[in-house]
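**Q** give the three-dimensional model of this entry:
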Amino acid sequence: MTAVLAPVAGTAIGLVAVPDPVFSQAMVGPGSAIDPRREPGQAVAPISGTIVKLRAHAYIVLGDDGRGVLVHLGIDTVQLKGEGFRLLAAEGDRVRAGQPVVFWDPAAVEAGGRSPICPVVALDAAAGEVDGEVRGGVGAGDELFHWS
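**A** Predicted coordinates:
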């Protein structure tokens, strides 16, 4: 079983509440989501492994067991072209769960008319493989769900 950590502090709300059908309908995989606190901060690695994709607004960490977890910082934030985000790691880096990856400001994302909600997705997982999803307040690095 893999424990997947919350990449940001806020309120864990579940994927179904994400205002994007790609995530809310679990098209890229099951998982959870966080409505982040509206303050600048670090988004951390949800699992230990290697950063296989890193963009300002999203990243994938691939664990040694071959499981990849996607963190998407806000919805439609790709349109910001990196503005308001600062990379704290690089693609190909080995990271430990809870290690900072990106610095961002959810309030600025929201002020720009986009949702700051952060989907956290177990890529290529079957629907029943994710359980124990936390709801309510979480800190960055707290357990968010299990991937069995």
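
**Q** can we go C-alpha only for contacts and neighbour counts from here?
**A** OK.

**Q** ok, residues contacting stretch 102-111?
**A** Contacting residues not belonging to stretch 102-111 are listed as 36-44, 56, 74, 77, 84-89, 115-116 [Cα atoms under 8 Å, 6 or more residues apart in numbering].

**Q** go again with 6 Å.
**A** The contact list for stretch 102-111 (Cα atoms under 6 Å, 6 or more residues apart in numbering) reads 38-43, 85-88, 116.

**Q** tabulate the CA atom coordinates of that stretch in PDB.
**A** Included here for stretch 102-111 are C-alpha records, laid out as PDB according to Å, rounded to 0.1, in the frame of the first residue of the first chain:
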ATOM      1  CA  VAL A 102       6.800  24.200  -6.400                       C
ATOM      2  CA  PHE A 103       6.100  27.500  -4.700                       C
ATOM      3  CA  TRP A 104       2.800  29.100  -5.600                       C
ATOM      4  CA  ASP A 105       0.100  31.500  -4.500                       C
ATOM      5  CA  PRO A 106      -3.500  30.100  -4.600                       C
ATOM      6  CA  ALA A 107      -5.000  33.500  -3.900                       C
ATOM      7  CA  ALA A 108      -3.300  35.000  -7.000                       C
ATOM      8  CA  VAL A 109      -4.600  32.000  -9.100                       C
ATOM      9  CA  GLU A 110      -8.100  32.700  -7.800                       C
ATOM     10  CA  ALA A 111      -7.800  36.500  -8.300                       C
END
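
**Q** what helix or strand is the closest residue to Ala89 other than its chain neighbours located in?
**A** In space, Ala89 comes closest to Val101 once its chain neighbours are excluded; the distance is 5.1 Å by Cα to Cα, 6 or more residues apart in numbering. Secondary structure from DSSP states H and E places Val101 in strand 100-104.
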